[in-house]
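Visitor: Sequence and predicted structure, then a few things I'm wondering about:
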Amino acid sequence: MLNKRNIDDLQVKGKRILVRCDFNVPMDGSKITDDVRIQAALPTIKKLIAGGGRLILCSHLGKPKGPDAQFTLAPVAERLSQLLDKPVVFAADDAVVGEKACAAVAAMADGDVVLLENTRFRKEESKNEEAFSRGLASIADIFVIDAFGSAHRAHCSTVGVTQFVTESAVGYLMEKEIAFLGNAVSSPVRPFVAILGGAKVSDKIAVIDNLLGKVDTLIIGGGMAYTFIAAQGHEVGKSLLETDRIEYAKEMIAKAKAVGVNLLLPVDTLVVREFKNDTEFWTADCDAIPADCIGVDIGEKTRKIFTDALKDAKTVVWNGPMGVFEFENFAKGTIAVAEALTNVDGTTIIGGGDSAAAVNLLGFGDKMSHISTGGGASLEFLEGKELPGVVAIDDK
Ligand code: AMP
């Protein structure tokens with residue numbers, strides 16, 4: 001149970017409530033291509049509006065190095081206004097909490113919504129420097145964090161600001177994310193299976209280590225699997241390989257054995273000579289990958305092994321694709337896993353990022369128990385770390 005104040009513990013009528021959301025949405029120019037993160041923030045926003053709060057929303061978008069029109073949150077204000085069916089005032093203020101923003105806040109009535117400009121327009125944001133934290137706090141009575149996807153970063157708008165407001169709480173999205181991921185890691189219904197994929201072992205070192213102490217089965221696919229295949233003593237040709245992680249992979253294989261975890265690695269792989277979709281590809285066993293080939297997806301035998309391992313699972317956590325799923329020809333492994341998850345009679349949790357995108361793209365989104373809005377944050381959670389943006393909130 002999360003021992004932090006939540007928005008049901010707050011008296012919000014007439015109060016200025018700064019809500020840190022995660023509106024870091026994918027954009028094509030000024031068009032939002034996926035508004036899942038905006039939708040996910042609605043329960044908290046609606047609850048605070050209904051309570052008569054004055055909502056000042058903030059978020060980062062992308063990685064601007066200062067004010068940059070390409071990263072404005074203006075399109076988010078427009079989309080949010082449509083979703084809420086009420087005006088959302090966009091405070092177009094390059095200083096984020098400068099004169100324009102202060103004027104917009106001063107003009108608010110109960111139930112009004114203002115969206116501030118991209119918090120990363122302020123250089124202090126990602127350094128968690130006091131001036132901007134104080135600036136954010138100066139326009140609010142209460143701070144609410146609902147940005148799960150940003151809570152693993154100690155920035156002004158996630159952590160610093162909490163020092164200068166009198167009250168703070170977590171929002172509904174934050175609570176939901178922590179409930180699903182937290183329960184899965186600390187008290188899973190068994191068998192508990194974790195599936196890890198994606199490009200690099202080095203991004204997931206602490207996750208693998210932590211999960212080996214918790215799961216019944218750990219499945220490793222994607223680009224990171226080739227370092228494990230190398231650790232088994234096989235050649236991987238030109239596949240992704242982190243030579244400096246081979247020793248670590250050997251240790252993890254030994255650890256899995258020692259703690260009795262069923263560690264499943266690919267036994268066959270789709271290989272190509274050229275890294276592109278429209279090229280000749282075939283299946284090779286993982287102990288016979290040709291020297292001039294690149295492994296780009298799990299093979300058919302592996303698909304069967306991995307999906308069979310999911311059949312009796314009661315809790316599944318998945319992070320990272322099984323292959324280069326952006327290329328249609330090499331998406332089969334990722335699709336097979338996504339499909340197998342739809343048949344799991346238990347809790348299925350997708351840890352954000354590419355796996356969440358794949359599941360949604362395939363139309364399986366509503367068949368999963370929970371799709372996390374935060375890739376990086378959910379990984380840190382799976383590492384067993386506390387999220388700074390949650391730690392900073394008032395205890396119950
Ligand atoms: P990550 O951000 O670590 O979850 O990695 C996701 C990326 O891993 C995707 O862009 C995939 O294309 C890539 N990926 C998955 N499998 C492979 C592979 N066998 N070779 C190269 N890249 C891969």
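Guide: Structure received.

Visitor: Please make it C-alpha for all contacts and neighbour counts, starting now.
Guide: Fine.

Visitor: Quick check: which helices or strands does the helix or strand in which Lys257 is found pack against?
Guide: Lys257 is part of helix 246-259, with elements assigned from DSSP states H and E. On a contact count with 3 or more Cα pairs under 8 Å, 6 or more residues apart in numbering; DSSP states H and E, helix 246-259 meets helix 205-212, helix 225-231, strand 262-264.

Visitor: Excluding sequence neighbours, find me the nearest residue to Ile253.
Guide: Distances taken as Cα to Cα, 6 or more residues apart in numbering put Leu263 closest to Ile253, at 7.3 Å, once the chain neighbours are dropped.

Visitor: partner residues bridging the one you found?
Guide: Note on Leu263: beta-bridge partners by DSSP bridges are Leu218.

Visitor: got a list of what it touches?
Guide: Contacts for Leu263 were tallied using Cα atoms under 8 Å, 6 or more residues apart in numbering; they are Thr217, Leu218, Ile219, Ile220, Ile253, Ala256.

Visitor: for those residues, which one is nearest Val272?
Guide: Set against Val272, the nearest of these by Cα to Cα is Ile220 (20.4 Å).

Visitor: wait, isn't that closest one in contact with Asn262?
Guide: No. Contact criterion Cα atoms under 8 Å: Ile220 and Asn262 do not qualify, at 10.9 Å.

Visitor: Which one's more surrounded, these two?
Guide: Just comparing Ile220 and Asn262: by other Cα atoms under 10 Å the higher neighbour count belongs to Ile220, 26 against 17.

Visitor: Asp34 versus the more buried one, what's the distance?
Guide: 28 Å (Cα to Cα, to the nearest Å).

Visitor: what's around the residue nearest to Lys311 when sequence neighbours are not counted, how many residues?
Guide: Excluding its sequence neighbours, the residue lying closest to Lys311 (Cα to Cα, 6+ apart) is Val344, at 6.2 Å. By the criterion of other Cα under 10 Å, Val344 has 18 neighbours.

Visitor: same thing with Thr33?
Guide: Neighbours of Thr33 (other Cα under 10 Å): 11.

Visitor: got a list of what it touches?
Guide: Applying Cα under 8 Å, 6+ apart, one finds that Thr33 lies in contact with Val25, Pro26, Met27.

Visitor: So which residues on the stretch 251-396 of the chain come close to the ligand?
Guide: By the rule Cα under 6 Å from any ligand atom, the part of the stretch 251-396 of the chain lying against the ligand is Gly295, Val296, Asp297, Gly320, Pro321, Met322, Gly323, Val324, Phe325, Glu326, Asp354.

Visitor: Averaged pLDDT, the helix or strand encompassing the last one. What do you get?
Guide: Secondary structure from DSSP H and E places Asp354 in helix 353-361. With pLDDT averaged residue by residue, helix 353-361 scores 88.

Visitor: ok, residues contacting that helix?
Guide: With Cα under 8 Å, 6+ apart, helix 353-361 has contacts from 318-321, 334-335, 338, 350, 365, 371-376.

Visitor: tally of neighbours for the closest residue to the ligand within the stretch 1-150 of the chain?
Guide: For the stretch 1-150 of the chain, the residue closest to the ligand is Gly149, as judged by Cα to the nearest ligand atom, at 14.5 Å. When neighbours are counted by other Cα under 10 Å, Gly149 registers 23.

Visitor: looking at this, it is in a helix?
Guide: Yes. Under DSSP: H, G, I helix; E, B strand; the rest coil, Gly149 sits within a helix.

Visitor: from the contacts of Leu263, which is closest to the ligand?
Guide: Ile220 (10.7 Å).
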